[in-house]
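Asks: okay, predicted coordinates and the sequence, questions at the end:
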Amino acid sequence: MVNPADDANKSWSASHVAALLLGNAALALGAWSVRLADSGPVSAGFWRLALALPFLALLARVRGEPLTGLPRRTMLALGAAGLLFAFDLASWHLGIGHTKLSNATVFGNSGSIVLMAWGLIALRRAPRIAEWAAFAAALAGTAILMGRSLEIGTATLAGDALCLLAGLFYAGYILILQDARGRLGGWSLLALTSAASALPVLAIALALGEPVWPHDWRPLLALAFGSQLLGQGLLVYSLRHFRPLVIGLALLTQPAIAALAGWLSFGETLGAMDLAGMALIAAALVLARAGEK
C-alpha cells in the first residue's frame, strides 16, 4: 500500500529545490551577520526576533492561521518553547564570537542527533546499525573539531561548547512544540514563538551588560530578514515536499557556506582535520534526518 505522505514528499519541482537551498544559505549567513553586528551578540538575537515579528504575524494573518484564542495548554507550551529558543539564540550567538563560523553552524545544528536519540527512547528500542553509525560519527567529529579549537585556545573551545549547547536547547524547543505543531500553521508558530522568545533574549543581553542599540542596522536587518524571514520562510515553503534524507543533505550546504563566509570576511581557514571533523558530523546529521518520521 502506498503512503500518501510519500507521494507528497515526491511532489517537488525546481522551485522547491531552489527554495530549500536558498533557505539553508540564508540561515548559514546568519552567523556572519551576528559577527558583523555592532550591538552585543545576544542583543543581535533580540533584534532578529523583534524586527521580523510584525512580518511573521502579518503572514500568519494573511494565511488565516490563528494567533489568539488558543488553548491554555498550547500557550504554556509556546511559552516554554520560546524560553528554550531564547537560550538557544543566546548560546549560539555568544559562541559565534569565539569559534569559526563553520564550527558554529555545524554545532548549532547538532539538535538533530539529540532528536534521534530521544526518538529511540520514546520507541523503546535499541539503535539500528545506521543510528549507531550516526552517534559514532557525531562523537568522533565533535572530538576532532573541539580538539582543533583547543589547539587555538580555550576561548575557541568555549565557543564550540556554547554552540553545541545551543543545539541541545533547540532540540528541547522542537520536542516541546510537537503537540502544538499539529494545530498551528508554520507562520503562526514562528510568530508566537518569536514573541515568546524576544523578551527573554533581551533580558539575557541586559544581564550580560551588552550594548543593545546598534549604530549600524544593516547586519541586524540582514539577520532578521535573512535568517528569520527568508531562511525560515523558504524552509516552511519547501520542506513538506522532501523526505528527511533530502533535507539532511541540503543541511550540508550550511557549514560550507559559513566556512566560505568565514574565510572571505575573517580569514578563517580550514585544515584537513577540520574538514574531516565537519564531514563526520555532517554524515551524522544526514543519518539522523534520514531516520526521522
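Replies: Received the coordinates, thanks.
Asks: show me what counts as buried in stretch 265-272.
Replies: 268, 270 (16 or more other CB atoms under 10 Å). Using the backbone N, CA and C atoms, a C-beta is placed for each residue, glycine as well.
Asks: looking at it now, give me its mean pLDDT.
Replies: The average pLDDT for stretch 265-272 rounds to 75.
Asks: repeat that for stretch 25-32.
Replies: The average pLDDT within stretch 25-32 is 87.
Asks: next one: stretch 282-290
Replies: For stretch 282-290, mean pLDDT is 70.
Asks: give me the number of residues near residue 120?
Replies: When neighbours are counted by other CB atoms under 10 Å, residue 120 registers 16.
Asks: contacting residues for it?
Replies: 126, 127, 131 (CB atoms under 8 Å, 6 or more residues apart in numbering).
Asks: pretty sure the last one sits against residue 116.
Replies: Yes. Residue 131 sits in contact with residue 116 when judged by CB atoms under 8 Å, with a separation of 6.5 Å.
Asks: dump stretch 41-61 to CSV, keeping only the CA atoms.
Replies: Extracted C-alpha coordinates of stretch 41-61, given in CSV (Å, rounded to 0.1, in the frame of the first residue of the first chain):
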residue,chain,number,x,y,z
PRO,A,41,25.8,39.2,20.1
VAL,A,42,22.8,38.3,22.3
SER,A,43,21.3,41.7,21.5
ALA,A,44,21.5,40.8,17.9
GLY,A,45,19.3,37.8,18.7
PHE,A,46,16.7,40.1,20.2
TRP,A,47,16.7,42.3,17.0
ARG,A,48,16.5,39.2,14.8
LEU,A,49,13.2,38.4,16.5
ALA,A,50,11.8,41.9,17.1
LEU,A,51,12.4,43.1,13.6
ALA,A,52,10.9,40.0,12.0
LEU,A,53,7.9,39.6,14.3
PRO,A,54,5.5,42.1,12.7
PHE,A,55,6.0,40.5,9.3
LEU,A,56,5.6,37.0,10.7
ALA,A,57,2.3,38.0,12.3
LEU,A,58,1.1,39.6,9.1
LEU,A,59,2.0,36.5,7.1
ALA,A,60,0.1,34.3,9.7
ARG,A,61,-3.0,36.6,9.3
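Asks: off-centre distance for it?
Replies: 15 Å (CA atoms, centre = their mean, to the nearest Å).
Asks: pull out the buried residues from that stretch.
Replies: Quick answer for stretch 41-61 (16+ other CB under 10 Å): 41-53, 55-57, 59-60.
Asks: among the residues you listed, name the ones in strands.
Replies: Among those, DSSP state E puts none in strands.
Asks: can you tell me which of those residues end up in helices?
Replies: Here DSSP state H is the test, and the buried residues of stretch 41-61 give 41-53, 55-57, 59-60 as lying in helices.
Asks: where does residue 33 land in three-state SS?
Replies: helix (DSSP: H, G, I helix; E, B strand; the rest coil).
Asks: quick one: contacts for it?
Replies: 44, 219, 220, 222, 223, 226, 227.
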